[in-house]
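Trainee: only geometry, no sequence info:
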Ligand SMILES: Nc1ncnc2c1ncn2[C@@H]1O[C@H](COP(=O)(O)OP(=O)(O)OP(=O)(O)O)[C@@H](O)[C@H]1O
Ligand SMILES: N[C@@H](CCO)C(=O)O
């Protein structure tokens, strides 16, 4: 039996979105149409192989076995159990378009594109929820703990709240589609595992109460369409106070954003990428220009005016 080749795309995402440490994430799409995400191609083959291409291919481990995409392939077949014996192997190609350790959910992009591509290639043996659990497991192997706030929005699209309940790993929230999310990667690398290590193991009572209030009120504000209330809740009391010391010019960037019609400003995932939210195109352009000139530190950095990617990961058949 022949299996059609498939190409999957998975978009960059903002983990935490400031107010929802490990529990909230959002998928991104630059307004100028630039693809900001990884792609994985899956083709029938006699035996498994992985080739790695794209601008950030040379920043990944030299041996493809150490690439998270190879581990996704092994895990996918393990989860298939005996059925795996009846299926052909696959040759996979990863197009690594996102920088590593950027805070844009780079490893999550590879994981989501790999699983979504494999599932489409093999005729969808797994449900959306089963795939999400598998994605969380593999993302956890890299970052040191299972958290879904990159893989879930990357796979499902839009703004996603983690439920982590039985057959509901994550739920989509309503969004303000007219919001702009200016997203700037400074070009330096911050390891997610290290950025988690610097956080305290216990959170003071006052911050715990603030975290719960903000997440609940933000969710209510999205459902009731109250933009001002939603934006007012976008404060990070858990990670930003500890992580911002890793990010040169962070406070200066926040001041500029908030003085130029910004609704919110924060760290994307574990950084160094930052994001600014605004509902004005003119403000988005001004902020984008400032961040490009002042927050980027080397030639690897970039800044994009984005909106939310409501589609999430796609998998389409390609010609053989
Ligand atoms: N396909 C892959 N994409 C990204 N990282 C990979 C991949 N395969 C293996 N790795 C390794 O996984 C680790 C990823 O580290 P880390 O979690 O800090 O980065 P990240 O996922 O890019 O972070 P972020 O979520 O902040 O974008 C690196 O050591 C990297 O070499
Ligand atoms: N929620 C995770 C996202 C990592 O990209 C963290 O902040 O550590």
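Mentor: Sure thing, it's come through. Being a predicted model, the structure only gives us computed values, none of them experimental. Numbering: from 1, shown residues only. Ligands and ions are numbered 1, 2, ... in the order given.
Trainee: make it CA atoms for all contacts and neighbour counts henceforth
Mentor: Will do.
Trainee: wait, residue 53 sits on residue 64?
Mentor: No. In this structure, residue 53 is not within contact of residue 64 by Cα atoms under 8 Å, at 11.4 Å.
Trainee: which residue is the nearest non-sequential neighbour of residue 126?
Mentor: residue 119 (6.7 Å; Cα to Cα, 6 or more residues apart in numbering).
Trainee: and the pLDDT for the one you found?
Mentor: For residue 119, the model assigns a pLDDT of 98.
Trainee: now it: phi and psi?
Mentor: phi -60, psi -40 (degrees, to the nearest 10).
Trainee: tell me, how many residues neighbour it?
Mentor: 20 (other Cα atoms under 10 Å).
Trainee: please apply the same query to the one 5 residues further on.
Mentor: By other Cα under 10 Å, the residues close to residue 124 number 13.
Trainee: so where does it fall, helix or strand?
Mentor: Following DSSP states H and E, one finds residue 124 outside all helices and strands.
Trainee: tell me which parts of the stretch 51-200 of the chain are close to ligand 2?
Mentor: Counting by Cα under 6 Å from any ligand atom, the stretch 51-200 of the chain comes close to ligand 2 at 103, 105, 149, 192, 196.
Trainee: ok, so of those residues, who is nearest residue 38?
Mentor: residue 105 (10.2 Å; Cα to Cα).
Trainee: the closest one contacts residue 12, correct?
Mentor: Yes. Look at residue 105 against residue 12 with Cα under 8 Å: they come within range, at 5.9 Å.
Trainee: ok, and the closest non-adjacent residue to residue 239?
Mentor: residue 199 (6.6 Å).
Trainee: just the element for that neighbour, please.
Mentor: Residue 199 belongs to no helix or strand, assigned by DSSP H and E.
Trainee: quick check on it: phi, psi?
Mentor: phi -80, psi 150.
Trainee: need the pLDDT of it.
Mentor: For residue 199, the predicted pLDDT is 96.
Trainee: so who does it touch?
Mentor: By Cα atoms under 8 Å, 6 or more residues apart in numbering, residue 199 lies in contact with 239, 242-243.
Trainee: any regions of the stretch 101-250 of the chain where pLDDT drops low?
Mentor: Residue ranges of the stretch 101-250 of the chain with pLDDT under 70: none are present.
Trainee: what does it have sitting close to ligand 1?
Mentor: So far as Cα under 6 Å from any ligand atom goes, the stretch 101-250 of the chain lies against ligand 1 at 101-108, 110, 142-143, 191-192.
Trainee: pull the most distant pair out of the residues you listed.
Mentor: Most distant of those, by Cα to Cα, are 110 and 191, 16.2 Å apart.
Trainee: of those two, which one has the most company?
Mentor: Higher neighbour count among residue 110 and residue 191: residue 110, with 33 against 17, using other Cα under 10 Å.
Trainee: looking at it, that one is touching residue 39, isn't it?
Mentor: Yes. Residue 110 is within contact range of residue 39, at 7.3 Å (criterion: Cα under 8 Å).
Trainee: which residues are common contacts for the two?
Mentor: Joint contacts of residue 110 and residue 39 (Cα under 8 Å, 6+ apart) are 10, 94, 96.
Trainee: next up, identify which helix or strand residue 291 is on.
Mentor: According to DSSP H and E, residue 291 maps onto helix 281-294.
Trainee: what helices or strands is that helix leaning on?
Mentor: strand 180-185, helix 250-259, strand 274-278, strand 302-308 (3 or more Cα pairs under 8 Å, 6 or more residues apart in numbering; DSSP states H and E).
Trainee: now distance to residue 78 and mean neighbour count too, for those, in JSON lines please.
Mentor: Converted to JSON lines, those look like this (distance: least, Cα to Cα, whole Å; neighbours: other Cα atoms under 10 Å):
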{"stretch": "strand 180-185", "distance to residue 78": "36", "mean neighbour count": "28"}
{"stretch": "helix 250-259", "distance to residue 78": "44", "mean neighbour count": "16"}
{"stretch": "strand 274-278", "distance to residue 78": "37", "mean neighbour count": "27"}
{"stretch": "strand 302-308", "distance to residue 78": "34", "mean neighbour count": "23"}
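Trainee: out of the ones you listed, which gets nearest to residue 215?
Mentor: Within those, the stretch nearest residue 215 is strand 274-278; the backing value is 17.0 Å (Cα to Cα).
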